[in-house]
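> Sequence first, predicted coordinates after that:
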Amino acid sequence: MEERIQTALEKREVESAAEPTKDGALFVPRADIMEDREGLTLLMDLPGVSREGVSIELEKGELRVYGKVMEKTFPGDAIWTEYRVGDFSRTFAVAEGIDQSKVEAGLKNGVLRLRLPKSEALKPKRIEVKTG
């Protein structure tokens, strides 16, 4: 039984692996997602990305963040480079209970911050205990 589960997981990983469709640098920026009573907050490191260089879509339970980091030119030869350039893309599964009309995004100091508030139906309700 355990072998079949492992084989199924391996097969699913192989089937879901996306194939690159263009030449050039591709990378996956790092992200953190936190949840509180009011909603989700996604933080993504995007050093060197301008506001115009990022696109965000939320549709059918998928949050897609994609864009491009342009290569920088400096005088002289680079000795050491760690910042990634090229296209990037991340897709996250998001609960259907997110209020799409209230989603907010901001980019400051190379960090993208997305706030995805929960709809009122998903927020925890405080129930008052009555006596008697």
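Great, that's in hand.

> And the helices in the chain, which stretches?
In the chain, the helices defined using DSSP state H lie at 2-16.

> Flag the shaky bits of it, pLDDT-wise.
Low-confidence segments of the chain (pLDDT under 70): 1-26, 84, 122-123.

> show me where it has strands.
26-27, 31-35, 39-45, 54-59, 62-69, 86-93, 104-108, 111-117 (DSSP state E).

> can you put the ones you listed in CSV and add mean neighbour count and distance to Pro124?
Bear in mind the C-beta positions are built from the backbone N, C-alpha and C, glycine included. Formatted as CSV, the strands of the chain follow (neighbours: other CB atoms under 10 Å; distance: least, CB to CB, whole Å):
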stretch, mean neighbour count, distance to Pro124
strand 26-27, 13, 38
strand 31-35, 12, 12
strand 39-45, 18, 12
strand 54-59, 14, 23
strand 62-69, 17, 22
strand 86-93, 14, 22
strand 104-108, 12, 21
strand 111-117, 18, 14
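
> Dump these to CSV, plus distance to Asp77.
Shown next, in CSV, are those (distance: least, CB to CB, whole Å):
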stretch, distance to Asp77
strand 26-27, 22
strand 31-35, 33
strand 39-45, 26
strand 54-59, 30
strand 62-69, 20
strand 86-93, 20
strand 104-108, 30
strand 111-117, 30
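
> Tell me which of those sits nearest to Pro75.
With CB to CB as the criterion, Pro75 lies closest to strand 62-69 of the strands of the chain, at 20.2 Å.

> Contacts for the closest one next, please.
Contact with strand 62-69 is made by 27, 42, 44, 46-49, 53-58, 83-94, 112, 114, 116, as judged by CB atoms under 8 Å, 6 or more residues apart in numbering.

> 10 Å instead, please
Strand 62-69 has contacts (CB atoms under 10 Å, 6 or more residues apart in numbering) with 24-25, 27, 29, 31, 33, 40, 42, 44, 46-58, 83-94, 98, 103, 105, 112, 114, 116.

> That one to strand 86-93, inter-axis angle?
Comparing the axes of strand 62-69 and strand 86-93 via axes from the mean of the first three to the mean of the last three CA atoms, to 10 degrees yields an angle of 170 degrees.
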